[in-house]
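# fold the following and give me the result.
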Amino acid sequence: MAEDRVVAIDELERFCADAFSALGVTASNARMLAGVLVEAELRDHASHGVRLLPYYAPAVRNGEVKARPKTRMLRESPVSVLVDADRGLGPVACTRALDRCLIKAGTSGIGMAGVYNSNHLFIPAHYVLRAAREGYIALCTSVAMPIMPPTGGIGRVLGNNPWAFGIPVGESDPIVLDIAPSASFAKIRMHAASNEPLPEGWALDEDGQPTVDAAAALAGTLVPLGEHKGYGLAMVSELLAAVLTGAGYGPESGMSGQVGHFLLVLEPSLFMARPDFEQRVEDYVGKIKATPRQPGVAEIFYPGERAGRLEREARARGTHTLPSIVWEPLQQLGAELGMELAFRS
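Numbers count the residues shown, from 1 in each chain. Here you go, the predicted model:
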């Protein structure tokens, strides 16, 4: 197996932006897309990091995903907007939608956006993190291709639809909870690429039997988190991000160009003065972190704290280590596009 490679973060972001540009994406959107992927990578979300560039590049090259969509704002009100993504890359429309939500939350206290005719948004955490860094509470959910059965059912009926929540914590890293109602399908792909077994309880094979074989899981289904709980979360997500927005749902959920998203941004001062809210959040977080620890546990982390720390450390260091299952596809894409990703080692 090839060894891990070290790359300068600036070089990694430059390469990703140049690759998106070579695929026909505008320069500004290329930089934004690269930033989203590298941010995920540095926050230890490699399954939703730079590996997505070579994964989605073929769909952009063949026109299945539009490199330069004409994103439109529809049915706009003082607190809401419906966004037609025009079959472009998900983060292009989601970033526009979030921009509108932030403006509306700043003026009206709340901003909501539904997005349809879209594609994968890369990672929901990015959008709520950005809002929380500006002092807002945020929610983001989306839909994916059917991969889970409902409780008591058989077959691929529901997507592993993610939820992300962001809440500011004063001068500390925001609370960012980014979860899905089952194991990440992207992580299963990474396990399959590296021939690593899955943890028990993640997946079923084609015959509906539990499996730790990643290849068998790719042909089978995922197990909903907590059975009816994961099933319910996936269903509510699809209702908000697809049924409500006009995106594809049911068998069409998560299909290319038919993906839907839902975002909400809330100004805390609707309920109390911002300084009071910030003080209460910091006090609450302090109580959580002061919980007596189990043997061997050095620190209690709140959701998003460890990821924020890892990102800061990586940016201060200036470099990031990529495993072969990530850098080799990037290198291959670079060769196809006539560009090179320069490694430190």
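
# and the strands in the protein?
5-8, 72-74, 80-84, 110-118, 137-142, 146-148, 158-159, 163-169, 172-179, 203-204, 210-211, 221-222, 259-266, 319-322 (DSSP state E).

# mind putting those into CSV with distance to V60 and mean neighbour count?
(Glycine included, C-beta is placed from N, CA and C.) Putting the strands of the chain into CSV (distance: least, C-beta to C-beta, whole Å; neighbours: other C-beta atoms under 10 Å) gives the following:
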stretch, distance to V60, mean neighbour count
strand 5-8, 23, 17
strand 72-74, 20, 12
strand 80-84, 19, 21
strand 110-118, 14, 25
strand 137-142, 19, 26
strand 146-148, 23, 25
strand 158-159, 22, 29
strand 163-169, 24, 23
strand 172-179, 24, 21
strand 203-204, 29, 24
strand 210-211, 33, 17
strand 221-222, 27, 24
strand 259-266, 15, 27
strand 319-322, 22, 18
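
# so for K229, which of the ones you listed sits nearest?
Set against K229 and scored by C-beta to C-beta, those come closest in strand 172-179, at 11.3 Å.

# packing partners of that closest one?
Helices and strands touching strand 172-179, by 3 or more C-beta pairs under 8 Å, 6 or more residues apart in numbering; DSSP states H and E, are helix 125-133, strand 163-169, helix 274-289, helix 305-317.

# export the strands of the chain to TSV and tack on distance to A192?
Listed next are the strands of the chain as TSV, based on distance: least, C-beta to C-beta, whole Å:
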stretch	distance to A192
strand 5-8	21
strand 72-74	38
strand 80-84	34
strand 110-118	26
strand 137-142	23
strand 146-148	14
strand 158-159	19
strand 163-169	25
strand 172-179	22
strand 203-204	11
strand 210-211	12
strand 221-222	14
strand 259-266	23
strand 319-322	18
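
# what's the neighbour count on G201?
Using other C-beta atoms under 10 Å, G201 has 12 neighbouring residues.

# list the contacts of it.
By C-beta atoms under 8 Å, 6 or more residues apart in numbering, the contact set of G201 is P210, V223.

# looking at the helices and strands packed on strand 172-179, spot the one closest to V6.
Of all the helices and strands packed on strand 172-179, helix 305-317 comes closest under C-beta to C-beta, at 9.9 Å.
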